[in-house]
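*Asks:* The sequence isn't on hand, but the structure is:
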């Protein structure tokens, strides 16, 4: 999976975008729907306490790491998540990622080109479906940009 698709998936796992948004193919009509929904969410965030520093915390970072492991995402994502964690003062330990990898199943086999495109992930339910499969390993009480937890 390429870095852009991986980071979109992890943004969703972190709670920073509406659920179901990351895997929508570029040419799909649902892109317009999710863009409009995202605009509505952005307007509700104005003046609210729901800032990235409120949404992204140690638990949501762990959720994103588990999703990264489950989707076989780009290794560049580790660098990006480390930067996010550093900016927010969160702990980020490569040994801990290795520990998570021992208990996180690989659920998705996507490639930037060829068989198993992002469209296949979208058709299978996207990141919400991945997170449902991982639910016993995730922190489902994390706040998201849309105010909902994942329970």
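*Replies:* Nice, thanks for sending it over. Keep in mind that this is a model prediction, so the values were computed, not measured. Numbering: from 1, shown residues only.
*Asks:* Could you list which residues are in contact with residue 63?
*Replies:* With contact set as C-beta atoms under 8 Å, 6 or more residues apart in numbering, residue 63 has these partners: 13, 14, 15, 131, 138, 139, 142. Quick note: C-beta positions are derived from backbone N, CA and C, even for glycine.
*Asks:* quick one: which of those is most hemmed in?
*Replies:* For the contacts of residue 63, the largest neighbour count, defined by other C-beta atoms under 10 Å, is 32 neighbours, found at residue 13.
*Asks:* wait, that residue sits on residue 70?
*Replies:* No - in terms of C-beta atoms under 8 Å, residue 13 does not count as a neighbour of residue 70; the distance is 9.4 Å.
*Asks:* List just the nearest of the contacts of residue 63 to residue 82.
*Replies:* Distances from residue 82 to those, taken as C-beta to C-beta, are shortest for residue 14 (13.6 Å).
*Asks:* ok, that closest one touching residue 61?
*Replies:* Yes - using C-beta under 8 Å, residue 14 is in contact with residue 61, at 7.2 Å.
*Asks:* Give me the common contacts of those two.
*Replies:* Common contacts of residue 14 and residue 61 (C-beta under 8 Å, 6+ apart): residue 84.
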